[in-house]
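In: Provided below for reference: sequence and predicted model.
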Amino acid sequence: MLELFSIFTKGGIVLFYFQGACTQLISSTQAVNESIKNILVQGSPSNQHNHKNLTIQLKLDNEFELIFACVVQKMLQLSYLDKLIDAIHLEFRDKYKNELRDGTLWLNGCDFNSDFTGILSKIENEHRVQKAAPRAMKQFTQSKKFEKTATANKAMFEQDKSVASTAARLATAVMGTATTEANDTAEKAKSEIEIARENMKKKKAGKKGKKKTEETQSAATKTPKKKGKEARSWDMGGKSTEGIDFSTPVENGTHVTNANLKDESHLKGTMSGDLTGVGEDEEDEEEVYDDEEPVDNSMSNGTSGKSSGMFSFLKNINFSTQQTVTSESLQPVLDKLKEHLTSKNVASEISVQLCDSLESSLVGKSYSTFTGLTSTAKQALSDALTKILSPKHRVNVLRDVMDAKSKGRPYVITFCGVNGVGKSTNLAKVCFWLLDNNYRVLVVGGDTFRAGAVEQLRTHVVRLANMYSEEQVQLYERGYGKDPAGLAFEAIKYAKERRYDVVLVDTAGRMQDNEPLMRALSKLVALNNPDLTLFVGEALVGNEAVDQLVKFNQSLIDHSSASAGTKSVIDGILLTKFDCIDDKVGAAISMTYITGQPIVFVGTGQQYPDLKSLNVKSVVSALLR
């Protein structure tokens, strides 16, 4: 049962509050004030605070400078508290985003009682139903791990079967060859014996027999002349170019034959709505192992047995009863933690920042056992990582597309980045996601430099049009050698006339130190002013992606301000090849920390549905493993 729920600004203006039936307003207000003092003023790493018999949880909205506070009884362990605060946060932002931007909400007030009551009732009912329903233990045969194991075993069985059959064929061939060689050897030995006997007979007969013997020997030992190598005849050789001529001009659009395309209609409807967070499908499958092992008597002697887990190295430190943690005692822990974060591809400067934050939150506290320190260290690090990955502003593409559509203009997204990171492929994934949400998309072939770039986009558009229709998706291109900025400007104008909902602009890959190409990109962004500029980076390259992103963003700022008088910046990040890094997810931490921009999309494969959103809890869990 809620005691108090309040929404107010960082300046102290209360926009909305809900008070429970039996709530003492004075005690609840004191609890909120005490939480603000501990969390906001003193910089506590946790967003939850206990005051007497009450528990207060705060959520910050840095974009609109809002604070959402929820007060409950300390004895009530409400599992749906985070879900309730997130739902109220999203509903309040979506309903009053225009008033919050204009700064008129605190002047005119808001009517949020019915919305709050409806959300609270819905979440409480869902919690009651979920709590009342019996929980059946999932069998291993019903899990995805079993499916993967069964598939792998089947593949290994087929491979072993193939290897066995191949070995049998090779053994048969070897035995046959050995038999043939043995027969040839026997026949050769027999012929040599017969020749020797005849030689002896003819030698006795005289010179004539000797001469015939020499001729017979020369004929028997004469080797046939080796045949020369024949010239290879290639399938597409000769002067005919009919089979390799792909230069037939194609008009703007998707008017290409679809006869050779395979049926991909089963993919439709798999990505409607918001994207699934990366790692959410396997969260229930993961087995969680606790690193907090009981302390044995060997700790008092300064020795410890073998243990696993990132925080197991805390056993090497001797914490006696009620001993205060100092910087000197924590230094070995922080050194080991920096090494662990670096192994996860986290940038070194960010590792230092995290360790400093952890040290400031632990120094000066007392613990009765080392287990308490381990638990607190884990929670402090988890809170710090969560705060870094939580962006200052949230990008909701579907909502922004709907908003632009209501204003009668297309929503424009520009993809930029270095060479070979997968811009065109992931642009096609984003296009598939938008088509699955019933939006009309115009794809712009803005890469007028790389050979084959337009043909690659045309192939994607033809496949997508084959799944949906040519009315929903179209390619706008003018070949190679054109000005990308002018091409994008014409495409946006074309999309507005034909009432397309979204324009996806592809750009040529370029290195961040190439000033002429960076000026061309800043010209494209400044001239067309896209709603969302995405930097496409690889999760594989680790800290190199940070260098690329920083120089890319700075080059855009410098060149755009010098040429057009307006600053163009990276609005978000599309992280590709996330399925190839296992638990080395440090690049996500580094890129978000450096720029403060959100990771909007995550590429997890080569198929169209392999596009996810960033799941903060999953990334933090992978970093702590």
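Out: Here it is on my side, so go on. Residues are numbered from 1 along each chain as shown.

In: how about the strands in the stretch 51-200 of the chain?
Out: Ranges of strands within the stretch 51-200 of the chain are 54-61, 66-73, based on DSSP state E, counting those that start in this stretch.

In: Which one, of the ones you listed, ends up nearest to E339?
Out: strand 54-61 (31.7 Å; C-beta to C-beta). In short, each C-beta sits where N, CA and C put it, glycine included.

In: thinking V421 is in contact with G509, fair?
Out: Yes: in this structure, V421 is within contact of G509 by C-beta atoms under 8 Å, at 7.3 Å.

In: Compare those two (neighbour count), which wins?
Out: Under the criterion of other C-beta atoms under 10 Å, the comparison of V421 against G509 puts V421 first, with 25 against 19.

In: ok, and the helix or strand in this structure with the lowest average confidence?
Out: Of the helices and strands making up the chain, the lowest-confidence element is helix 207-221, at a mean of 55, by mean pLDDT, DSSP states H and E.

In: what's the neighbour count on S121?
Out: 10.

In: what's the answer for K74, then?
Out: Neighbourhood size, K74 [other C-beta under 10 Å]: 13.

In: what's the answer for the one 5 residues further on, then?
Out: If you count neighbours by other C-beta under 10 Å, S79 ends up with 9.

In: ok, it - contacts?
Out: Residues in contact with S79 (C-beta atoms under 8 Å, 6 or more residues apart in numbering) are H127.

In: what's next to stretch 476-491, contact-wise?
Out: Contacts of stretch 476-491 (C-beta under 8 Å, 6+ apart): 252, 414, 442-449, 451, 454, 457-458, 494-495, 503, 505, 507-508, 520, 523-524, 527-528.

In: can you rerun that using 6 Å?
Out: Identification of contacts with stretch 476-491 by C-beta atoms under 6 Å, 6 or more residues apart in numbering yields L442, V444, G445, G446, T448, V454, V505, K523, L524, L527, N528.

In: wait, the fourth one sits on V503?
Out: No: with contacts defined as C-beta atoms under 6 Å, G446 does not count as touching V503, sitting 10.4 Å away.

In: more crowded one of these two?
Out: Ranked by neighbour count (other C-beta under 10 Å), G446 and V503 place G446 first, with 30 against 25.

In: Could I get the contacting residues of the more buried one?
Out: P484, L487, A488, V505, D506, T507.

In: same deal with H89?
Out: K59, F68.

In: go with 10 Å
Out: Applying C-beta atoms under 10 Å, 6 or more residues apart in numbering, we find H89 in contact with I7, K59, L60, D61, L66, F68, R394.

In: next SSE after the helix or strand harbouring K378?
Out: Take DSSP states H and E as the rule and K378 turns out to sit in helix 370-389. As assigned by DSSP H and E, the chain's next helix or strand after helix 370-389 is helix 397-406.

In: Going by contacts, tell me the helices and strands next to that next one.
Out: Applying 3 or more C-beta pairs under 10 Å, 6 or more residues apart in numbering; DSSP states H and E, we find helix 397-406 packed against helix 81-102, strand 411-416, helix 423-436, strand 502-506, strand 532-538.

In: If you count contacts, what does the next helix or strand after the fourth one end up packed against?
Out: In other words, strand 502-506. Along the chain past strand 502-506, the next helix or strand (assigned with DSSP H and E) turns out to be helix 515-528. On a contact count with 3+ C-beta pairs under 10 Å, 6+ apart, helix 515-528 meets strand 411-416, helix 484-497, strand 502-506, strand 532-538, helix 543-563.

In: What residues sit buried inside helix 515-528?
Out: By neighbour count on 16 or more other C-beta atoms under 10 Å, the buried set for helix 515-528 is L517, M518, R519, A520, L521, S522, K523, L524, V525, A526, L527, N528.

In: and what of stretch 431-439?
Out: C431, F432, W433, L434, L435, D436, N437, Y439.

In: Out of the residues you listed, which is nearest to I119?
Out: N437 (23.8 Å).

In: contacting residues around the closest one?
Out: With C-beta under 10 Å, 6+ apart, N437 has these contacts: M271, S272, G273, D274, V397, L398, V401, M402, D501, V502.

In: how near is it to K37?
Out: Remark: distance between N437 and K37 (C-beta to C-beta, to the nearest Å) = 44 Å.

In: Which of the buried residues of stretch 431-439 sits closest to A196?
Out: A196 has its nearest neighbour among those in F432, at 82.9 Å by C-beta to C-beta.

In: which residues sit in contact with the closest one?
Out: Counted by C-beta under 10 Å, 6+ apart, F432 has contacts 264, 267-268, 270-271, 441, 460, 463-464, 467-468, 473, 607-611.

In: Buried ones among those?
Out: Neighbour counting by 16+ other C-beta under 10 Å classes 267, 271, 441, 460, 463-464, 467-468, 473, 608-611 among the contacts of F432 as buried.

In: Of those residues, which belong to helices?
Out: Taking DSSP state H as the definition of helices, the buried ones among the contacts of F432 contribute H460, R463, L464, M467.

In: could these be laid out in JSON lines, adding pLDDT and distance to S618?
Out: As requested, those are exported to JSON lines (pLDDT from 0 to 100; distance: C-beta to C-beta, whole Å):
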{"residue": "H460", "pLDDT": "93", "distance to S618": "29"}
{"residue": "R463", "pLDDT": "92", "distance to S618": "30"}
{"residue": "L464", "pLDDT": "93", "distance to S618": "29"}
{"residue": "M467", "pLDDT": "91", "distance to S618": "30"}
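
In: and which of these is nearest V619?
Out: Nearest member of these to V619, counting by C-beta to C-beta, is H460, at 28.7 Å.

In: doesn't L435 make contact with that closest one?
Out: No: using C-beta atoms under 10 Å, H460 makes no contact with L435, being 11.4 Å away.

In: circling back to that earlier point, got the helices and strands packed on helix 515-528 as CSV, with distance to T326 and mean pLDDT columns?
Out: Converted to CSV, the helices and strands packed on helix 515-528 look like this (distance: least, C-beta to C-beta, whole Å; pLDDT from 0 to 100):
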stretch, distance to T326, mean pLDDT
strand 411-416, 48, 95
helix 484-497, 59, 94
strand 502-506, 55, 95
strand 532-538, 40, 90
helix 543-563, 32, 73
